[in-house]
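Asker: Sharing a sequence plus its predicted fold:
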Amino acid sequence: MLIFNSNTINIVSKKGVVKDLLSNISIGVNDKIYLKNPETSELGKKIVTGSIDMIDELGFERFTFRKLGVRIGSTEASIYRYFESKHKLLQYLTSWFWGWMEYKMVFSLANIYSPMDRLERAISLLTEQVIDDNNFEHINKEKLNRIVIGESMKAYLTKEVDLDNKEGVFKGYKQLVSRVSDIILEINTKYKYPHMLVSTCIEGAHLQRYFAEHLPRLTDTLKGEDSISEFYKDMVFRAIKD
């Protein structure tokens with residue numbers, strides 16, 4: 001989900017031409033996930049920064065609010081004022097990531113008019129290695145991407161997934177998938193499985209990144225190219241070929 005604050009972003013024309021982009025951009029996260037928006041205070045931002053660092057270092061299972069409190073110089077009780085559980089915190093982090101990915105996609109595709117070119121660029125964005133930038137300085141996107149690769153399924157492979165879905169917890173992820181699915185249907189209006197294809201690319205690319213780092217014999221690495229992105233571009237364009 002993208003939040004367009006006043007005097008922040010103005011997008012005009014049906015082709016998405018960016019007229020003006022100022023520096024104050026906010027990524028929206030469903031307010032059902034948190035008790036207090038961490039973006040509204042310095043402590044909240046420390047919670048987000050510290051949790052990304054610790055989950056990346058320790059893994060989600062070993063991560064606790066008690067350890068986080070020690071890391072950021074706060075109390076466990078203070079963290080619970082923002083999130084009712086570490087599971088909700090993981091949902092926050094993954095939701096923020098999908099919102100940031102949609103933000104990147106909106107502006108990366110804004111001046112690309114060919115749907116074939118837009119789809120190729122979109123698949124690259126969904127499957128390539130994430131490199132941190134200077135925006136949202138309290139959130140390290142490379143570390144967050146590793147968390148999404150290794151831990152994001154834990155945000156929805158739960159008994160409460162239907163309730164969470166009803167409350168819109170996964171709306172940002174679904175919006176991103178729908179945005180790319182619409183491009184596929186521009187190219188081939190008769191293709192029957194656009195959402196399945198896009199979500200397969202995202203989740204599959206995450207697994208392949210994980211395999212490449214930890215179980216390399218389960219994937220293919222080719223010198224001189226990002227073989228994971230190239231594989232999924234090849235797969236998608238073969239699948240939708242009319």
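Answerer: Perfect, I can see it now.

Asker: wouldn't P115 be in contact with V180 here?
Answerer: No. Under the contact definition of C-beta atoms under 8 Å, P115 does not touch V180, with a separation of 11.0 Å. C-betas here are computed from N, CA, C, even on glycine.

Asker: With neighbour numbers in mind, choose between the two.
Answerer: V180 (25 against 17; other C-beta atoms under 10 Å).

Asker: Can you mark which positions in the helix or strand in which the more buried one is found are buried?
Answerer: Secondary-structure element containing V180, defined by DSSP states H and E: helix 171-187. Using 16 or more other C-beta atoms under 10 Å as the burial criterion, the residues of helix 171-187 that qualify are 171-173, 176-177, 179-181, 183-184, 187.

Asker: what sits against the residue nearest to L68 when sequence neighbours are not counted?
Answerer: Nearest residue to L68, sequence neighbours excluded (C-beta to C-beta, 6 or more residues apart in numbering): G50, at 5.4 Å. If a contact means C-beta atoms under 8 Å, 6 or more residues apart in numbering, then G50 has 68, 71-72 as its contacts.

Asker: and the strand or helix carrying D117, what does it pack onto?
Answerer: In the assignment (DSSP H and E), D117 maps to helix 115-127. If contacts are counted by 3 or more C-beta pairs under 8 Å, 6 or more residues apart in numbering; DSSP states H and E, helix 115-127 sits against helix 86-108, helix 171-187, helix 194-214, helix 227-240.

Asker: can you list these in JSON lines and add mean pLDDT and distance to D31?
Answerer: What follows is the helices and strands packed on helix 115-127, written out as JSON lines (pLDDT from 0 to 100; distance: least, C-beta to C-beta, whole Å):
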{"stretch": "helix 86-108", "mean pLDDT": "95", "distance to D31": "10"}
{"stretch": "helix 171-187", "mean pLDDT": "97", "distance to D31": "11"}
{"stretch": "helix 194-214", "mean pLDDT": "96", "distance to D31": "25"}
{"stretch": "helix 227-240", "mean pLDDT": "97", "distance to D31": "33"}
